[in-house]
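>>> after the sequence you'll find the predicted model.
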Amino acid sequence: MISIKNLSKTYNGVKVLDNLSLDIAENDVIALIGASGAGKSTFLRSINYLETPDSGSIDFGDTFKVDFSAISKEEILELRRETAMVFQQFNLFERLTATQNVMEGLVQVKKLPKIEAEKTARLLLASVGLSERADYYPKFLSGGQKQRVGIARALAMQPKLLLLDEPTSALDPELIGEVQETIVQTAGAGQTMILVSHEMSFVAHVATKVLFLENGSILEVGTPDEIFKHPKNPRTQEFVSRHQNSYQEVAENR
């Protein structure tokens, strides 16, 4: 169990995260939904300290716990060993091949020998369907392929918690499916993750739990069926009513 408690963040006097708490079970796929500006990406980025929370804590059970109001440099490094982020814009090193991009964290952070790191990187690229592109530089990869390299790079760190910040938002529509399928496969392999997405049909398909955020607060939590079919909060009802067709399509195909 991973427990996030009372996570808060203020920008210029405006509270963008308001004492958010969340318990994450092993193998959970938590989806964060809500309008733009609700605090979803800030929540995600605060978890691994890409944003600096004002207060709160995260507890990885027996292995590691940190208080964000008194975090040390060593704890930041340990936190980032326990988590890994997949970004909207890929953030690959343009002068490194796909294999070298995946290797980088294994060599620099995990201190693996290059031969072992390369073997692991190639296996991970194969697992996301990129064996034939393993030696290509990012400029020769499609957006979907770049994002799959990003997922492989994150998985190489063997994170306890994988964080995905709108991983398909920068992709052309025809490339979204291949990345979504990779995420579904990753979830099926038992990876615990938190996902921010505006693709409600995908959320309904992959998530085990859905959180609806507004103004930095969690207004409602439930399974996809509970959130999309029987929302209780009026704001949740209003939000999901605009996405009922997407959800209905997934429900009918189950």
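Done, it's in. Residues are numbered from 1 along each chain as shown.

>>> going by C-alpha atoms from here, please, whenever you check contacts or count neighbours.
Fine.

>>> shaky segments in the stretch 101-250 of the chain?
244-250 (pLDDT under 70).

>>> how about the helices in it?
Per DSSP state H, counting those that start in this stretch, the stretch 101-250 of the chain carries helices over the ranges 114-127, 143-156, 173-188, 200-206, 224-229, 234-241, 244-253.

>>> residues near Lys82, how many?
Small correction: residue 82 is Glu, not Lys. 18 (other C-alpha atoms under 10 Å).

>>> in this structure Ser131 contacts Arg122, no?
Yes - counting by C-alpha atoms under 8 Å, Ser131 touches Arg122, with 6.9 Å between them.

>>> more crowded one of those two?
Applying other C-alpha under 10 Å to Ser131 and Arg122 shows that Arg122 carries more neighbours, namely 22 against 15.

>>> surely the more buried one meets Ala134?
Yes - contact criterion C-alpha under 8 Å: Arg122 and Ala134 qualify, at 6.8 Å.

>>> joint contacts of these two?
With contacts defined as C-alpha atoms under 8 Å, 6 or more residues apart in numbering, the residues adjacent to both Arg122 and Ala134 are Thr99.

>>> burial count for Gly105?
Gly105: 18 neighbours (other C-alpha under 10 Å).

>>> tell me which residues touch the nearest residue to it once chain neighbours are set aside, please.
Beyond its immediate neighbours in the sequence, the residue positioned closest to Gly105 (C-alpha to C-alpha, 6 or more residues apart in numbering) is Met157, lying 6.9 Å away. The contact partners of Met157, taken as C-alpha under 8 Å, 6+ apart, are Arg81, Ala84, Gly105, Leu106, Lys110.
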